[in-house]
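S.K.: Show me how the following folds:
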Amino acid sequence: VIAGEAVAYPLRLMRWHEVVNDIVGGEPIAVTYSPLCDSVAVFSRIVGEEIVQLGVSGSLYNSNTLLYDRRLQPAASPMWSQLDGGIVAEPNPGFSSRLTLRVAMLATWGEWRERHPDARVLAPHPDLKKLYKRDPYHSYFGSDLLHFPVRPLPPPGGRHLKDRLVIVTVDGHDEGFALRDLADAAGAERGTVEVEVAGLATRITFRVFPGTAIVEPLTDPQRLHSVRHSFLFAWYAFGGMIPDTGKLSVSDPSG
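M.R.: Purely as a prediction, here's the structure:
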């Protein structure tokens, strides 16, 4: 949702395309999804004085999709990580800028329609309708095994590599919250929990299954810089911290 305009991008389409270049609320954005990390991130497409056209490079870094500027050949473009927008490789080091993150809501269709009944929705490509019915990552999501090398991995303990997180960034400070932890705090598989991120009171409405989270600041919404969604292993590999359950307080466990 940007400048009052709401647009939905179904994951069953995004798992095949991974990147959608769009204009929402007058801002050029890219909505991205990396299936191997189950990571959702939205970026501004304004980089410096340019408006880039992001695409899937075909390369991975820590099992995460690398994005490139489709106006260029991949070898001539910076490679941005899909999870944090940082530059992993570039032909002219120090020349390019990282991508700027935006807020990504991950909701069920019912939740989205209730909040935004007049939203635009990404339509399936008419030639690919049969393809969209398949889920090539079903078995991958059903285990804790990884298909590609990732370094570093979280330390062994009570966490699963594919625990789902919602990552909230306020005033440049990142905080990751595991959906399982939110459920433990609420005493239910779905509900609403209040947290503080960099002193900003924030409400998270979550469902452990299928793994959704809607983040809403209770005051000062301009301080909420971005919201992302990811498996734990990917967040940790990109420098994120293990979630701290001590930051949770129950607001409305009946949700």
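S.K.: which intervals of this protein have sub-threshold pLDDT?
M.R.: For the chain, applying pLDDT under 70 flags the ranges 247, 249-255.
S.K.: Which residue ranges of it form helices?
M.R.: Under the criterion DSSP state H, the chain contains helices at 11-17, 109-115, 129-132, 138-141, 179-186, 232-237.
S.K.: Give the other helices and strands that the third one contacts.
M.R.: In this structure, helix 129-132 makes packing contacts with helix 11-17, judged by 3 or more CB pairs under 8 Å, 6 or more residues apart in numbering; DSSP states H and E. (Each C-beta comes from the backbone N, C-alpha and C, glycine too.)
S.K.: Please list the outside residues in contact with the helix it packs on.
M.R.: With CB atoms under 8 Å, 6 or more residues apart in numbering as the test, helix 11-17 has contacts from V20, V31, Y33, P35, L122, P124, L128, L131, Y132, D135, P136, Y137.
S.K.: Now the first one: closest residue in space, sequence neighbours ignored.
M.R.: Computed as CB to CB, 6 or more residues apart in numbering, the closest residue to V20 that is not its neighbour in sequence is V31, at 4.6 Å.
S.K.: which ones are touching the one you found?
M.R.: Taking CB under 8 Å, 6+ apart, we find V31 in contact with Y9, M14, V19, V20, D22, V42, A104.
S.K.: from the residues you listed, which single one is nearest S59?
M.R.: The closest of the contacts of V31 to S59 turns out to be V19 (CB to CB; 13.7 Å).
S.K.: quick one: that closest one and Q53 touch, right?
M.R.: No. Using CB atoms under 8 Å, V19 is not in contact with Q53; the gap is 9.2 Å.
S.K.: So the two - more neighbours on which side?
M.R.: For V19 and Q53, the more surrounded residue by other CB atoms under 10 Å is V19, and the numbers stand at 20 against 15.
S.K.: Run through the bridge partners of that one.
M.R.: Beta-bridge partners of V19, counted by DSSP bridges, are T32.
S.K.: closest one to S57 among the helices of the chain?
M.R.: Closest to S57 of the helices of the chain, according to CB to CB: helix 11-17, at 14.0 Å.
S.K.: ok so, going back, how about TSV for the helices of the chain, with distance to G211 and mean neighbour count added?
M.R.: Below are the helices of the chain laid out as TSV (distance: least, CB to CB, whole Å; neighbours: other CB atoms under 10 Å):
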stretch	distance to G211	mean neighbour count
helix 11-17	10	17
helix 109-115	13	13
helix 129-132	19	11
helix 138-141	9	11
helix 179-186	6	21
helix 232-237	12	24
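S.K.: And those helices: which comes nearest V170?
M.R.: Comparing the helices of the chain by CB to CB, helix 232-237 comes nearest, at 16.3 Å.
S.K.: other SSEs contacting that closest one?
M.R.: Applying 3+ CB pairs under 8 Å, 6+ apart, one finds that helix 232-237 contacts strand 164-170, strand 173-178.
S.K.: which other residues reach the longest one?
M.R.: Contacts of strand 164-170 from elsewhere in the structure, counted by CB under 8 Å, 6+ apart, are 38, 101, 106, 174-180, 195, 197-200, 202, 204, 206, 208, 211, 213, 215, 217, 223-232, 235, 240, 243.
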